[in-house]
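# sequence and predicted structure, then a few things I'm wondering about:
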Amino acid sequence: MTFPRTGNPDNCRKVEFCDVRDVDSIRVGTRGSALAKTQTEWVVAHIQQQGIAVEIIEVSTRGDLRGDIPIRQIGSDGVFVRELELALQTGRIDAAVHSLKDLPTILTEGLSLAIIPERATPYDVLVGKTARTLATMPTGSCVGTSSVRREMLLRLERPDLVVKPIRGNVDTRLKNLDAGSCDAIMLAGAGLNRLGLGGRITEILAPPRFWPAVGQGALVIQVRTDDDVTKSKLQFLNHATTHLEIMAERTCLASLAGGCLVPIGALATHTGQELTLGACILEERDGSIRKIEVTLSTSASLAQGLSSEQKATNLGRMVAARLIEEGALEMLASMRAAEGKQALSG
């Protein structure tokens, strides 16, 4: 166990720890959903293969407890991660496994996104009940999604379809679909595949039609910044190429001052010596959807002599700068103003 020398670990964010645990053991925190636990069990299995004992600790988050309302109404970014981060800060756990797309762009002080395993498919997918693709769905068909980004991209492609908000874990969404609450649902393909439900996918929705959320398909293992022991134990799980792709995507998002709830999509891909990043931002105004998108690569735009990490972050900044030239900041300001008015009226 880890005992704080001072303070109450339930109330204190910064405490000094005297670690008396077995040096070959790690406490890993996870959310309680089936997908979160499956993802964590995948990580844990790899850790145990290294001869390290693991204790899994389940932590409930605001996002899990308020599954009855849209995520945007719960509060700010991080509704699926804050309680896990607090467990890290207070020493209750040594590492937390997150879906990377759930993490805010502004990192919590004292915590590090130390390990990013190899990414699964980053794409959105459609699970259709009768029609198998968006193109074959009849006018007026209902599509369920809890993502503003997915909703806007869908309405751009098929404005004649009806979008229905749908929350809950993957199994709940599939049960709602099968019960007839809608004709199709949109969600991340990686989650279905990890749960062994990839056979339910009827269409893959890839760029440039559908840009995924920043970090979609990737996991991250978060640790305390000063915990070099845990970082060293888990370093074998880090996938260098995925790490660079995520750096580019998150730098772009941070440069736009966007969060994980803002309708911004991005995807970086690394082939050979070239890193390519595409991104889009969406806005609804007067009943219509506006979309701007930019794609750049390292080969054409970045100076020689930089490290791979510097190239990735520079690429993220350059794509963001190009989006800003196209009007991204004005779009974000308009969205925030609209949200403010809605909050006041509510």
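Structure received.
# contacts, neighbours, all on C-alpha from now
Noted.
# the stretch 151-300 of the chain: helices as residue ranges?
170-178, 189-194, 228-234, 240-255, 298-301 (DSSP state H, counting those that start in this stretch).
# in the biggest strand by length in the chain, what counts as buried?
Ranked by number of residues, the top strand in the chain under DSSP state E is strand 274-285. Within strand 274-285, the residues scored as buried using 16 or more other C-alpha atoms under 10 Å are 275-283.
# also stretch 112-131?
By neighbour count on 16+ other C-alpha under 10 Å, the buried set for stretch 112-131 is 112-120, 122-129.
# of those residues, which belong to helices?
Among the buried residues of stretch 112-131, no member is found in helices (DSSP state H).
# so which of those residues are in strands?
Short answer: these in strands (DSSP E) are 112-115, 124-128.
# please parse this protein into its domains.
As assigned by automatic domain parsing, the chain contains the domains 2-117+218-238, 124-205, 246-345.
# and the helices of the stretch 151-300 of the chain, which is most packed in?
helix 240-255 (a mean of 23; mean count of other C-alpha atoms under 10 Å).
# please, where are all the strands along the stretch 51-200 of the chain?
Secondary structure of the stretch 51-200 of the chain by DSSP state E, counting those that start in this stretch: the strands cover 53-58, 95-99, 111-115, 124-128, 142-144, 162-164, 184-188.
# that older thread, of the ones in strands among the buried residues of stretch 112-131, the lowest pLDDT goes to which?
Taken together, those show their lowest pLDDT at A114, with 89.
# rewinding a little: closest to A266 among the ones in strands among the buried residues of stretch 112-131?
D124 (12.0 Å; C-alpha to C-alpha).
# correct me, but that closest one touches I204?
Yes. The pair D124 / I204 is scored as a contact, 6.4 Å apart, by C-alpha atoms under 8 Å.
# which residues do these two both contact?
G189 (C-alpha atoms under 8 Å, 6 or more residues apart in numbering).
# residue contacts, Q216?
Here Q216 is in contact with 99-101, 122-123, 188 (C-alpha under 8 Å, 6+ apart).
# ok, now how distant is it from T30?
Noted for Q216: a distance of 18 Å to T30, by C-alpha to C-alpha, to the nearest Å.
# who wins for proximity to P212 among the domains of the chain?
domain 246-345 (5.0 Å).
# reformat the domains of the chain as JSON lines; add distance to P212.
Output for the domains of the chain, formatted as JSON lines (distance: least, C-alpha to C-alpha, whole Å):
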{"stretch": "domain 2-117+218-238", "distance to P212": "10"}
{"stretch": "domain 124-205", "distance to P212": "6"}
{"stretch": "domain 246-345", "distance to P212": "5"}
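# out of those, which comes closest to W211?
Among these, domain 246-345 comes nearest to W211, with 4.8 Å by C-alpha to C-alpha.
# any idea of the mean pLDDT for that closest one?
Throughout domain 246-345, pLDDT has a mean value of 85.
# hang on, the earlier thing: right, and the strands of the stretch 51-200 of the chain - which one's nearest G198?
Comparing those by C-alpha to C-alpha, strand 124-128 comes nearest, at 9.7 Å.
# got the contact list for that closest one?
132-134, 183-189, 200-206, 210, 212.
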